[in-house]
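>>> coords please:
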Amino acid sequence: MNLKDKIQSFYFPSNKISEECYSVLRGSTYGQFKYEGVENLISEFKEYFDNPNAIFYDLGCGPGHLVFHIALATNVEKAYGVEFEPKRFKLAEDNLKDNPDIKNVEFILEDFTKIDLSNATIVYIDNAVIENSVAQKVFDNLPTGCLVISVRTIDKLNSKRTKKHMFRNYTSLPVYYTIKVN
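Numbering: from 1, shown residues only. The predicted model follows:
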């Protein structure tokens, strides 16, 4: 299997997802980047993803497709997925167990506002339905220099729109980003 096919095998829908797990994703606010959207994201922030010391976090990772894509297609040292919903977390963990050759991925079952992000260099947060106060709390706990990528701007930050559109399963949109300065 070539790299692109391997990466795409982690995307939803997948024949590995049972009807019970599919119902956890269907009809919810869950919206994932498509393969092309993640490739645009990597291209847009190439200098960050090419860093072999980079630590990536996907806050609200669902079944983990973005985490696997970043881990396999970039030079990041480690890619973490943080998920609060146990069934979505299990999908991610099952994918990791089925791919023991992938060593730079880890999933955390936890509320992402309660984890230590002090080693983060890149953070993605899908804040489409998250209150700005929650996103701001996460941002306040990040280290200086961390790249923060979000679906919509986080109030009180000097967020900028990306030049490229990121394709998601329900729309194409720009994402926003900012660098934590202090």
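>>> and the closest residue to residue 84 other than its chain neighbours, how close does it get to residue 60?
Setting aside the residues directly before and after it, residue 84 is nearest to residue 111 in space (CB to CB, 6 or more residues apart in numbering), at 5.3 Å. Every C-beta, even on glycine, is put in place using the N, C-alpha and C of the backbone. Distance of residue 111 to residue 60, given as CB to CB, to the nearest Å: 10 Å.
>>> what residues are shared contacts of the two?
Jointly contacting residue 111 and residue 60 under the rule CB atoms under 8 Å, 6 or more residues apart in numbering are residue 84.
>>> higher neighbour count, the two?
Remark: of residue 111 and residue 60, residue 60 carries more neighbours, 21 against 12, as counted by other CB atoms under 10 Å.
>>> next SSE after the worst-scoring helix or strand of the chain on mean pLDDT?
The helix or strand of the chain with the poorest confidence is helix 19-25; it has a mean of 52 (mean pLDDT, DSSP states H and E). As assigned by DSSP states H and E, the chain's next helix or strand after helix 19-25 is helix 35-44.
>>> can I get that next one as CSV, trimmed to CA atoms?
Extracted in CSV, the C-alpha atoms of helix 35-44 (Å, rounded to 0.1, in the frame of the first residue of the first chain):
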residue,chain,number,x,y,z
TYR,A,35,-7.4,14.3,2.6
GLU,A,36,-6.9,17.3,0.2
GLY,A,37,-7.7,19.8,3.0
VAL,A,38,-5.0,18.3,5.2
GLU,A,39,-2.5,18.4,2.4
ASN,A,40,-3.3,22.1,2.0
LEU,A,41,-2.9,22.6,5.8
ILE,A,42,0.5,20.9,5.6
SER,A,43,1.5,23.0,2.6
GLU,A,44,0.4,26.2,4.2
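>>> thinking again about what came up before, what's the pLDDT at the residue nearest to residue 84?
If you check residue 111, the pLDDT there is 95.
>>> any idea how far the residue lying closest to residue 161 once chain neighbours are set aside is from residue 130?
Distances taken as CB to CB, 6+ apart put residue 174 closest to residue 161, at 4.6 Å, once the chain neighbours are dropped. For residue 174, the distance to residue 130 (CB to CB) stands at 18 Å.
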